[in-house]
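J.: Return a 3D structure for these sequence lines:
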Amino acid sequence: MHRSVLVRASIVLLLLLTALPFPAAAQVSITSAEIPSMMPRGQKPKTGTGRLRGRVVAADTGSIVRRAQVRISGQDIGTKTAYTDAQGRYEFRDLPAGQFNVSVSKSGFVTMQYGQARPFEPGRPIDLADAQVMEKADVALPRGSVVTGRILDEFGEPVTDARVVAMRMQYSMGKRRLVATGRGASTNDVGQFRLFALPPGDYYVSATMDGEDTMFMDMFGGGGPTGSSNKSGYAPTYYPGTPNPAEAQRIAVAVGQELGIADIQMQTTRLARVSGSAMGSDGKPIGGGMVMLMPASADAMMPAGGTRTDQDGNFTLSGVAPGDYSIQVQSLVALMNMAQQSMTLLGAASPSAPASAPAIEEEVAMAAVTVAGEDVTGVIVKATRGARARGRVIFEGGAKPESLASLQLVAAPVEPDMGMIGAMGFGMAAIKETGTFELGGLVGRRSFSFLQPPPGWFLKRITHEDADITDKGYDFKAGEDVEGFEIVMTTRSQLVSGTVTNDKGEPAKNYTVVVFPEDPRQWTLTASRSRAAARPDQQGQFRIAELPPGAYLAIAVDYVAEGEWMDPEWLERAAKKATAFSLTEGAAKTLNLKLAGS
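T.: Below is the predicted model:
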């Protein structure tokens, strides 16, 4: 399942629903290490007699780091937090046997995972046996890099409360794009900003006007009088001063370096108003509905504007910059249901669905609009009933789980560009005790997955009328009813494990193994179960579970940034040095690989 996408969208949606803008020091990007580990419904964290101890030090001096936050996560414990003491030591007690990940953060330092040797690579898992006491799970934190500068307006005067972020070019959501990294910053009263705790690397700096407070005020107090509005505003501006990301200048920072860059002058753009009306599928106005203006590109998670409809369904969005957008309208009833789903995804609420759901909850009100600097009027946003999907879950190889109603099925978007936030509010339902399910409010290409699969069960395939749609999903059209989905679960899983040696035949301890399909046509899929990467455990062995049967290539490399191995261009180069193997159902494959290039 696209769990990181689901969690990101849920966090954003909850912020929207509670009218809370991101705080100035909030993380603007979420890595896999930062996503909390959730326990399945009804399952309590396990305990045992294992212990894990370690010490946190500064990478440059070896001095102890006090009050560092240490987080351990695992399938059977969720996520637990501890802090280092006056000697820089930490300890987790009562751990069950299992595999765990540890990450450490401290202000002024780069957040690191246990076993992580370089920036942007995953850490190494820790395998703990029953009653085992692991000493010296030490982590060295590098000093964070810093980028400073000033943001000025078109008159050369300082801009206060501009939002500044560092961005990296990386492969994300099916293409290479600029992705916000680390912590953002807001400019002070003299236009200064300070981006800190950055890992060493290459970055692009982007500045935008922080209009979230105004947007939320408009969104929750919409309707009624309107004020005067400037016809010009500021486009997102990239260092050294261009609205075009392709013309942005890359900067490089070393470990612990503080780099001052030249002033960035915000670039002006013509703003417009977008007005129209929203109505339900019954032709009646959607009064008091929430209106969100979402950028068509998945590069932006937050709305570009928001307001409320009046009692007649009318709305006006002011200060809209040129671009392509999706206008999304939700009734307050539907928003409450979306909030419940988001709380469930984040593990903060029971996933039980309401006994009855108003019809409006299955309606989708969206309209595309292009703004080119002139006001856009007369936009009609008419709701249509989302598609319904009906099917059944089949359990092969064992007795079905005792309580099927505790299983939550999610239909996540395969293409995130389809309007992520609005789309994430639909497509969740419990499995009935008969094994059947029904999901409503579906629009666009969706892929089915369990929020938490039952213990000991693995996804085998998903079909619609005997056609395999496991990875590619199904493209739903508004208003249609689609029968015949089958989700097959099995107790048999596939495992790939092994070791890696260097050019001298010696065991390698620090590497990344990437496994991907032999068929290049599968490399371009946005999300695929057939691609995976693994880092070695403390014994130097790697382990990749739950790959579907098929023909594969495997390569061991000294370093690859997290997610970079999803890029088809990287896979094309890796395929020339990779080892081919096949994986049959229920098989356990052992590979002995050599570091690529050795």
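
J.: give me the element the residue in the chain sticking out farthest from the centre is part of.
T.: The C-alpha centroid of the chain is most remote from residue 504, which lies 39.8 Å away (Cα atoms, centre = their mean). According to DSSP states H and E, residue 504 maps onto no helix or strand at all.

J.: what's the answer for residue 269, then?
T.: Using DSSP H and E, residue 269 sits within strand 267-270.

J.: Using CSV, list the CA coordinates for the next helix or strand after that strand.
T.: For strand 267-270, the succeeding helix or strand toward the C-terminus, using DSSP H and E, is strand 272-279. What follows is strand 272-279, C-alpha atoms only, in CSV (Å, rounded to 0.1, in the frame of the first residue of the first chain):
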residue,chain,number,x,y,z
ALA,A,272,-7.3,36.7,-10.3
ARG,A,273,-10.6,35.8,-8.7
VAL,A,274,-12.4,32.6,-9.4
SER,A,275,-16.1,32.5,-8.7
GLY,A,276,-19.0,30.2,-9.3
SER,A,277,-21.5,27.9,-7.6
ALA,A,278,-21.7,24.4,-6.3
MET,A,279,-24.7,22.1,-6.4
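
J.: what packs against strand 272-279?
T.: Packing partners of strand 272-279 (3 or more Cβ pairs under 8 Å, 6 or more residues apart in numbering; DSSP states H and E): strand 314-320, strand 323-330, strand 363-371, strand 376-382. (Glycine included, C-beta is placed from N, CA and C.)

J.: Hmm, residue 327 and residue 379 touching each other?
T.: Yes - in terms of Cβ atoms under 8 Å, residue 379 counts as a neighbour of residue 327; the distance is 6.5 Å.

J.: returning to what we had before: other SSEs contacting the strand holding residue 269?
T.: For strand 267-270, the elements it packs on are strand 232-235, judged by 3+ Cβ pairs under 8 Å, 6+ apart.

J.: quick one: the strand it packs on to chain centroid distance?
T.: Taking Cα atoms, centre = their mean, to the nearest Å, the mean C-alpha location of strand 232-235 is offset from the chain mean by 29 Å.

J.: Quick one: closest of the helices and strands packed on strand 272-279 to residue 179.
T.: When these are compared for distance to residue 179 using Cβ to Cβ, the nearest one is strand 323-330, at 18.9 Å.

J.: if we can go back for a sec, quick one: which of residue 379 and residue 327 has more around it?
T.: Between residue 379 and residue 327, residue 327 has the larger neighbour count (other Cβ atoms under 10 Å), namely 25 against 16.

J.: what pLDDT does the more buried one get?
T.: Reported pLDDT at residue 327 in the predicted model: 92.

J.: next one: residue 467
T.: Residue 467 carries a pLDDT score of 94 in this model.

J.: ok, it - how many residues close by?
T.: Here the number of neighbours of residue 467 (other Cβ under 10 Å) works out to 10.

J.: now swap in residue 285 and tell me
T.: Neighbourhood size, residue 285 [other Cβ under 10 Å]: 16.

J.: sorry, back to before: look up how far residue 329 lies from the residue farthest from the centre of the chain.
T.: The spacing between residue 504 and residue 329, counted by Cβ to Cβ, to the nearest Å, is 64 Å.
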